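Asker: Model the following, please.
(chains A and B)
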There are 2 protein chains.
Amino acid sequence: MHAIGPVNALYPMPTTLVGATVNEKPNFLAVAHVGILNHGTPQYLSIGLHKSHYTNAGIHENRTFSICLPSEDLMVATDYCGIMSGKKTDKAALFDVFYGELKNAPMIHQCPVNMEMKLHEVLDFETHDIFVGELVQTHADDRVLRDGSIDIAKLKPLLFDMASKQYWALGEPVGNCWNAGKALKG
Amino acid sequence: MHAIGPVNALYPMPTTLVGATVNEKPNFLAVAHVGILNHGTPQYLSIGLHKSHYTNAGIHENRTFSICLPSEDLMVATDYCGIMSGKKTDKAALFDVFYGELKNAPMIHQCPVNMEMKLHEVLDFETHDIFVGELVQTHADDRVLRDGSIDIAKLKPLLFDMASKQYWALGEPVGNCWNAGKALKG
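Answerer: As a prediction, this is how the structure comes out:
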């Protein structure tokens, strides 16, 4: 075991497209520094955005955003939304945009799952705004639903790893949660 | 696109074993509701623990914890640490425990990567404590290091999905970040 310094190894994380209305227009930013805070209703999720991003002002102003989940097949467009800034580029033009219950949280038809978020609070870290959102509604495409639930194998999430600077696919299921460990019960 | 209610779909997440000293003994809890808050130094990560867990009091008291990353081959022991409570079970007996710079953040030799965390703050949600930790040191096993960096393909993280209640393997790399999207540049 080697001490390698304080290297964040909490990967892979799901790559998302965060939607927000900025200067009255829809904008999308690729974000993989995300988190699940609690488990329940209301459900709170976090996104961590460097303060230099164009998106932040829009979330502060409108107090809404979306977390859209691209499949592997949206990798090129997703990556583009991580390279280009909304200051100069109309990234929403890449997608068919739609809205749900919140009138200014843009979402993406091409993403099989989209979550509408109401801003709950902002954690002010030195270089980053951590936006904590309350999940208001989830929109899912037929092609990833099975018996009304999201089938992650059909979703084909785009996973992000910082060390390799690569997107990764999801692999196969390897066991059942709250079950596999029963083998060790005395 | 169907509105399916506020279903959290931000999966898969890396399954972790959170180490803490509770009642003066090392204890480990399986946690996949985690988050990356900022990106930088200091690096902050979050874990969301229902207040009913045995672990919480130990983190509140000692203000330290660890985030240990099990490989697929630790699935059974990891799941056991999600089923059994430290109130009644000595889960640390399953592992070879070690300590780093923080004297009361137990880590696991069998996990290829272990991160020591100093408690930065606690977000008090109704049913959950969200522990925000500052990453102090990362310990990695030779078998997952390549040129000093963690090779996620060698780490073989155990990914958690709530809808299927299954652990999933990591798949193959599908593209390069901050690069694949250049194809769309005009």
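Asker: When you work out contacts or count neighbours from here on, use the C-alpha atoms and nothing else.
Answerer: Fine.
Asker: Residue ranges in chain A under the pLDDT threshold?
Answerer: Regions of chain A meeting the criterion pLDDT under 70 are absent.
Asker: got the contact list for the residue most central in space within chain A?
Answerer: The residue lying closest to the centre of chain A (Cα atoms, centre = their mean) is residue A:16, at 3.1 Å. Shown in contact with residue A:16 (Cα atoms under 8 Å, 6 or more residues apart in numbering or on different chains): A:30, A:31, A:32, A:67, A:68, A:69, A:70.
Asker: can you check residue A:27 too?
Answerer: By Cα under 8 Å, 6+ apart, the residues touching residue A:27 are A:19, A:20, A:21, A:55, A:86, A:90, A:91, A:92, A:106.
Asker: coming back round to it: with residue A:95 as the reference, measure out to the residue nearest to the centre of chain A.
Answerer: Relative to residue A:95, residue A:16 is positioned 14 Å away (Cα to Cα, to the nearest Å).
Asker: Which residue ranges of chain A form helices?
Answerer: Using DSSP state H, the helices assigned to chain A run over residues A:55-62, A:75-83, A:152-155.
Asker: so which of those helices gets nearest residue A:26?
Answerer: When those are compared by Cα to Cα, helix A:55-62 sits nearest residue A:26, at 9.5 Å.
Asker: any residues touching the closest one, and which ones?
Answerer: Residues outside helix A:55-62 that contact it (Cα under 8 Å, 6+ apart) are A:20-23, A:27-29, A:49, A:65, A:86, A:104, A:119, A:129.
Asker: how about that helix: buried residues?
Answerer: Across helix A:55-62, burial judged by 16 or more other Cα atoms under 10 Å in any protein chain shown covers A:55, A:56, A:57, A:58, A:59, A:60, A:62.
Asker: Adding distance to residue A:185, write those out as a markdown table.
Answerer: Formatted as a markdown table, those follow (distance: Cα to Cα, whole Å):
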| residue | distance to residue A:185 |
| --- | --- |
| A:55 | 49 |
| A:56 | 48 |
| A:57 | 52 |
| A:58 | 51 |
| A:59 | 48 |
| A:60 | 49 |
| A:62 | 51 |
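Asker: hmm, back to that, in a markdown table: the contacts of residue A:16, plus neighbour count.
Answerer: Formatted as a markdown table, these follow (neighbours: other Cα atoms under 10 Å in any protein chain shown):
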| residue | neighbour count |
| --- | --- |
| A:30 | 23 |
| A:31 | 22 |
| A:32 | 25 |
| A:67 | 33 |
| A:68 | 30 |
| A:69 | 30 |
| A:70 | 27 |
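Asker: Also near chain B: which of these, exactly?
Answerer: Filtering the contacts of residue A:16 for proximity to chain B (criterion: Cα under 8 Å from any Cα of the partner chain) leaves residue A:69.
Asker: Out of the contacts of residue A:16, which is nearest to residue B:134?
Answerer: For the contacts of residue A:16, the residue nearest residue B:134 by Cα to Cα is residue A:32; the value is 18.9 Å.
Asker: Hmm, that closest one is touching residue A:13, no?
Answerer: Yes - the pair residue A:32 and residue A:13 qualifies as a contact (Cα atoms under 8 Å) at a distance of 5.8 Å.
Asker: Mind listing the shared neighbours of these two?
Answerer: With Cα under 8 Å, 6+ apart as the test, residue A:32 and residue A:13 both reach residue A:160.
Asker: How about residue A:85: what's its closest non-neighbour residue?
Answerer: In space, and not counting its chain neighbours, residue A:85 is closest to residue A:54: 6.8 Å by Cα to Cα, 6 or more residues apart in numbering or on different chains.
Asker: ah, wrong one, I meant residue A:20
Answerer: In space, and not counting its chain neighbours, residue A:20 is closest to residue A:65: 4.8 Å by Cα to Cα, 6+ apart.
Asker: circling back to that earlier point, just the buried ones from the contacts of helix A:55-62?
Answerer: Among the contacts of helix A:55-62, those scoring as buried are A:20, A:21, A:22, A:27, A:28, A:29, A:49, A:65, A:86, A:104, A:119, A:129 (criterion: 16+ other Cα under 10 Å).
Asker: so which pair among the residues you listed is furthest apart in space?
Answerer: The widest separation within the buried ones among the contacts of helix A:55-62 (Cα to Cα) is 20.6 Å, between A:86 and A:119.
Asker: what about residue A:45, how many residues close to it?
Answerer: Neighbourhood size, residue A:45 [other Cα atoms under 10 Å in any protein chain shown]: 25.
Asker: Now do the contacts for the residue nearest to it when sequence neighbours are not counted.
Answerer: Using Cα to Cα, 6+ apart and skipping the chain neighbours, the partner closest in space to residue A:45 is residue A:36 (4.8 Å). When contacts are counted by Cα under 8 Å, 6+ apart, residue A:36 is found next to A:44, A:45, A:46, B:10, B:33, B:34, B:35, B:48.
Asker: swap in residue A:99?
Answerer: Taking Cα under 8 Å, 6+ apart, we find residue A:99 in contact with A:105, A:106, A:107.
Asker: show me what contacts the second one?
Answerer: Residues touching residue A:106, when contacts are defined by Cα under 8 Å, 6+ apart, comprise A:19, A:20, A:21, A:26, A:27, A:65, A:66, A:97, A:98, A:99.
Asker: how many other residues sit next to residue A:79?
Answerer: For residue A:79, the count of nearby residues is 26 (other Cα under 10 Å).
Asker: I meant residue A:93, not that one.
Answerer: For residue A:93, using other Cα under 10 Å, the count is 10.
Asker: and the gap between it and residue A:108?
Answerer: From residue A:93 over to residue A:108 the distance is 11 Å, taken as Cα to Cα.
Asker: From what I see, residue A:144 and residue A:155 are in contact.
Answerer: Yes - using Cα under 8 Å, residue A:144 is in contact with residue A:155, at 5.4 Å.
Asker: what touches both of these two?
Answerer: Shared contacts of residue A:144 and residue A:155, counting by Cα under 8 Å, 6+ apart, come down to residue A:112.
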